[in-house]
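>>> How does the following fold in three dimensions:
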Amino acid sequence: MTNSHSNSVAVLALNPAVDIGYEVPQLIADRKVQADTTAYHPGGNGINVALALTKLAVPIYCCSVIGGESGDLLLRLLGDGLGSNHKIFRVAGETRLNATLLQKRPPSQYEVASRGPEIPAKVLNELDECFLADCKTGYGVLTGSIPPGVPDDHYRRLVGRIQAQGGRAVVDAHGDLLQQAIEAQPYLVRVNNYVLEMTSRQRLDEIEAVATAARELQQRGIGKLCISLGARGAILLDDANSYHCTAPRVKVLSTVGCGDALLAGLLAADLRGEDLPAMLRLGVICGSATATHPGTLLFTPEEVEQSGYELELTALHI
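Residues are numbered from 1 along each chain as shown. Predicted coordinates for the structure are as follows:
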């Protein structure tokens with residue numbers, strides 16, 4: 001085990017997707033509705049985090065699974081967005097097609113995600129070895145759902161392997177996948193308020209209640225824990241400190257990808273050796289800027305650099 005950490009960042013994208021965004025006037029049961037606009041973007045949590053980190057000028061490695069013609073479409077949509085360090089593993093079946101429907105009246109958002117192609121054990125093993133080799137003693141990012149063929153304890157085992165080789169495991173997941181990963185005590189975890197409510201088995205309406213439940217979760221061995229709260233901002237805590245940062249008032253066009261952008265902001269600041277408040281600030285700016293874009297579009301570098309967002313940061317002492 002080494003104490004020195006490299007600056008490499010590796011992202012494992014086990015379940016990428018083509019995200020299709022539809023803007024519709026109104027959904028009516030049993031009636032066909034004409035979309036005002038339709039947009040196609042590369043997606044899936046791993047791909048989103050990798051793209052967001054690239055926009056923040058963080059060099060990344062990405063190992064992803066691609067299947068069929070929808071996988072070819074995903075690669076076309078990506079272009080050279082992930083650079084030459086994007087390593088592709090082909091499988092039978094088709095890459096996921098996910099749909100987001102943005103209804104104008106009344107304003108609401110609907111999301112449908114498919115499961116993704118099965119990953120054979122041999123390919124999964126090759127993916128893991130590629131990812132761990134790229135991670136070295138840097139950051140290994142495990143985010144999003146797992147497709148068929150991947151066991152529920154997969155992230156937990158990878159967290160253990162990342163940290164055994166001197167790296168820092170970063171996890172953004174939910175359900176059993178998350179619960180098992182936490183057992184391996186990752187370096188950084190991001191969850192949203194709903195996932196925290198499910199984990200703590202209680203409604204969490206007040207910031208103090210969220211922070212208290214977050215502290216209980218963090219004390220299970222997580223280095224740094226972020227709870228994203230949508231329009232109420234986010235909370236970030238480590239062993240010694242906890243902070244809440246408000247979200248700026250923005251016109252929200254879509255919330256898809258906001259959590260991925262937030263995670264990328266946290267990671268980019270941590271990579272630069274910044275403290276908790278600076279990490280939280282950058283994360284909230286990235287997430288909020290992403291919310292101002294339609295469909296699954298992420299923030300732009302200019303929005304982050306020139307953001308005049310007014311953010312209120314508070315130490316919580318919890």
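>>> and stretch 170-178, what's its mean pLDDT?
Per-residue pLDDT values over stretch 170-178 give a mean of 95.
>>> Which positions in it come out as buried?
By 16 or more other Cβ atoms under 10 Å, the buried positions in stretch 170-178 come out as V170, V171, D172, A173, H174, L177, L178. C-betas here are computed from N, CA, C, even on glycine.
>>> Go through the helix or strand D72 falls within and flag the buried ones.
For D72, the host element (DSSP states H and E) is helix 68-78. By 16+ other Cβ under 10 Å, the buried positions in helix 68-78 come out as S70, G71, L73, L74, L75, L78.
>>> residue boundaries of the strands in the chain?
9-13, 17-24, 37-43, 61-67, 86-91, 96-103, 108-112, 139-143, 168-172, 188-192, 224-228, 234-237, 242-245, 313-315 (DSSP state E).
>>> Figure out how far the third one is from the centre of its chain.
By that I understand strand 37-43. The chain centroid and the centroid of strand 37-43 are separated by 18 Å under Cα atoms, centre = their mean, to the nearest Å.
>>> Buried ones in that strand, by neighbour count?
Residues A39, Y40, H41, P42, G43 are the ones in strand 37-43 that count as buried (16+ other Cβ under 10 Å).
>>> From these, pick the one nearest S84.
Ranked by distance to S84 (Cβ to Cβ), the buried residues of strand 37-43 are led by P42 at 16.6 Å.
>>> and the gap between A278 and F131?
A278 sits 28 Å away from F131, going by Cβ to Cβ, to the nearest Å.
>>> So which of these two has more stuff around it?
Comparing A278 with F131 by other Cβ atoms under 10 Å, the one with more neighbours is F131, at 25 against 16.
>>> Could I get the contacting residues of that one?
A10, L12, Y61, C63, G140, L158 (Cβ atoms under 8 Å, 6 or more residues apart in numbering).
>>> mind checking pLDDT for it?
Taking F131 on its own, its pLDDT is 98.
>>> In the record's domain split, what are the boundaries for the protein?
According to automatic domain parsing, the chain comprises the domains 1-186, 189-318.
>>> now the buried residues of stretch 170-178 as CSV including distance to E208?
Output for the buried residues of stretch 170-178, formatted as CSV (distance: Cβ to Cβ, whole Å):
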residue, distance to E208
V170, 27
V171, 25
D172, 24
A173, 26
H174, 23
L177, 28
L178, 23
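>>> mind checking how far the closest residue to A113 other than its chain neighbours is from R161?
Once flanking residues are discounted, A113 sits nearest to N98: 4.8 Å by Cβ to Cβ, 6 or more residues apart in numbering. Per Cβ to Cβ, N98 is found 29 Å from R161.
>>> Pick out whichever of those two has more residues nearby.
Between N98 and R161, counted using other Cβ under 10 Å, the more crowded position is N98 (22 against 18).
>>> Could you report the distance from P294 to A17?
Separation of P294 from A17 (Cβ to Cβ): 17 Å.
>>> Which one of these two is surrounded by more residues?
Set side by side, P294 and A17 show more neighbours around A17, with 28 against 15, by other Cβ under 10 Å.
>>> Now for that one: which residues touch it?
A17 neighbours (Cβ under 8 Å, 6+ apart): P42, G43, G44, I47, L74, T95, R96, L97, N98, A113, S114, G116.
>>> 10 Å instead, please
Neighbouring residues of A17 by Cβ atoms under 10 Å, 6 or more residues apart in numbering: 41-48, 70-71, 74, 95-99, 113-114, 116, 144-145, 296.
>>> Now for D30, how many residues are close by?
For D30, the neighbour count with other Cβ under 10 Å is 4.
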